[in-house]
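Chemist: Coordinates only, no sequence provided:
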C-alpha cells in the first residue's frame with residue numbers, strides 16, 4: 001500500500017484520521033490517555049459511558065495489532081508523541097522544540113505528519129465524546145487535555161513548514177549527556193564500556209551521537225510497563241543505550257550494554273534494576289542542571305566516553321549545529 005499524504009491546509013479531520021489508519025495500519029496506536037476522569041464529582045452514569053468509550057478504543061487497538069505494521073516507525077512516533085504529552089509548562093513552544101525530532105532525521109516529515117494527525121484525532125475523539133454524551137468539557141474534566149492538545153497542534157503545524165535553516169537554528173544547541181553514577185559513585189557508562197568488546201564501539205558511538213544531535217537512532221520508549229514509565233532506549237545491532245529525558249536538552253544516560261537476543265531472560269530484570277537505582281537519584285540530578293560546573297563535568301565525561309569508543313574522531317563532540 002502506498003503511503004498517503006495529505007495537505008494540512010485543506011485536509012479535514014476525517015481525512016487526517018484516515019491517513020493515520022492507512023499509513024500505519026493502526027488507528028489507535030497509543031493507549032488511550034485522554035485526560036483521566038476525576039473519580040469524584042462525576043456521576044456513575046457518565047463514568048460508565050466513558051468506560052464504554054475507552055473499551056471500544058481498546059477493541060480497535062486489538063484488531064489493528066493483527067495487521068502488519070512498521071514497528072520501528074511506530075516506536076519512534078510513540079517516543080515523540082509521549083514526550084509531547086509530558087510537556088505541561090508555560091514555556092510550551094520552547095519545550096516542544098526540544099522534544100521534536102531533528103531535521104536531520106530522514107523521517108522528519110513523516111513523523112511530524114503522524115504527530116499532527118494524532119493530535120487531530122485526540123481533539124476529534126474528545127469532541128465526539130462531548131457531543132455524544134451531551135456534557136461540557138468541564139463536566140467531563142477534559143478541558144485541560146483539550147486545550148493543551150490544541151496548543152501543541154498549532155505549534156506542530158507551524159514546525160512542519162519550517163525551513164531546514166529555521167529548524168536547525170532552533171535546535172543548534174546540542175543535547176547534554178548527563179551520566180548516571182552507580183551507588184558507589186562511579187560513572188556506570190564508563191565502567192560498562194571498558195567491559196564491552198571494542199568491535200561494538202562504532203555502533204555505540206553512533207547511538208550516543210544520535211542523542212546529542214537529536215536524531216535518536218531506532219528510539220523506543222518503555223511506555224507500556226508502569227515500572228519503566230518514561231525510560232527510553234536507542235539501539236543498533238545488539239547494542240543498547242538506556243536514557244531518560246530530564247528537561248530541555250538534558251538527557252540522563254543510565255546504561256549501555258550488549259543485548260544478546262530479544263528473548264534474553266535477564267534483560268528486563270537488569271533494566272528494571274538500573275532504572276530503579278536511577279529514580280532514587282533523579283531529583284538530585286535535576287536540581288543541578290542549572291549549575292555550569294555540573295554541566296561542564298558531564299561534558300568532560302562525554303569527551304572521555306568518545307575518547308574510549310571513537311579515539312580518532314573524539315577531538316570534537318559533534319553538536320546539532322555542526323555541519
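Modeler: That came in fine, so what should we check first? Note that this is a predicted model, so its numbers are computed, not measured.
Chemist: so where's the longest helix in this protein?
Modeler: Looking across the chain with DSSP state H, the single longest helix is helix 108-133.
Chemist: so what does it touch, helix or strand wise?
Modeler: Using 3 or more CB pairs under 8 Å, 6 or more residues apart in numbering; DSSP states H and E as the contact criterion, the elements in contact with helix 108-133 are helix 13-24, helix 44-64, helix 71-85, helix 143-160. C-betas here are computed from N, CA, C, even on glycine.
Chemist: so that helix versus helix 71-85, what angle?
Modeler: Direction vectors for helix 108-133 and helix 71-85, defined by axes from the mean of the first three to the mean of the last three CA atoms, to 10 degrees, enclose an angle of 60 degrees.
Chemist: For helix 108-133, buried residues please.
Modeler: Residues of helix 108-133 classed as buried by neighbour count (16 or more other CB atoms under 10 Å): 108, 110-123, 125-126, 129-130.
Chemist: got it, and stretch 128-148?
Modeler: By neighbour count on 16+ other CB under 10 Å, the buried set for stretch 128-148 is 129-130, 135, 137, 140-142, 145-146, 148.
Chemist: what's the neighbour count on residue 102?
Modeler: Other residues within reach of residue 102 by the criterion other CB atoms under 10 Å amount to 16.
Chemist: Turn the buried residues of stretch 128-148 into TSV, columns for distance to residue 266 and pLDDT.
Modeler: TSV is the format used below for the buried residues of stretch 128-148 (distance: CB to CB, whole Å; pLDDT from 0 to 100):
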residue	distance to residue 266	pLDDT
129	43	83
130	48	83
135	49	77
137	47	74
140	45	67
141	42	76
142	42	81
145	39	85
146	44	87
148	39	89
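Chemist: pLDDT-wise, which helix or strand of this protein ranks last?
Modeler: Across the helices and strands of the chain, mean pLDDT, DSSP states H and E gives its lowest value to helix 44-64, namely a mean of 47.
Chemist: Which pLDDT does the model give the closest residue to residue 250 other than its chain neighbours?
Modeler: For residue 250, the nearest residue in space outside its immediate sequence neighbours is residue 176; the separation is 4.5 Å by CB to CB, 6 or more residues apart in numbering. The predicted structure scores residue 176 at 92 on the pLDDT scale.
Chemist: List the contacts of residue 176.
Modeler: 249-251, 295, 298-299 (CB atoms under 8 Å, 6 or more residues apart in numbering).
Chemist: Tell me which of those fall in helices.
Modeler: Secondary structure assignment by DSSP H places 295, 298-299 of the contacts of residue 176 in helices.
Chemist: Of these, just the buried ones, ChimeraX syntax please.
Modeler: Here is the ChimeraX command that selects the buried residues among those (16+ other CB under 10 Å):
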select :298
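Chemist: Can you add pLDDT and distance to residue 185 and give the ones in helices among the contacts of residue 176 back as TSV?
Modeler: Below are those laid out as TSV (pLDDT from 0 to 100; distance: CB to CB, whole Å):
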residue	pLDDT	distance to residue 185
295	94	19
298	96	14
299	95	19
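Chemist: sorry, back to before: pick out the most distant pair among the buried residues of stretch 128-148.
Modeler: Farthest pair in these (CB to CB) is 135 and 148. Separation: 19.2 Å.
Chemist: Residue 267: what's it in contact with?
Modeler: residue 259.
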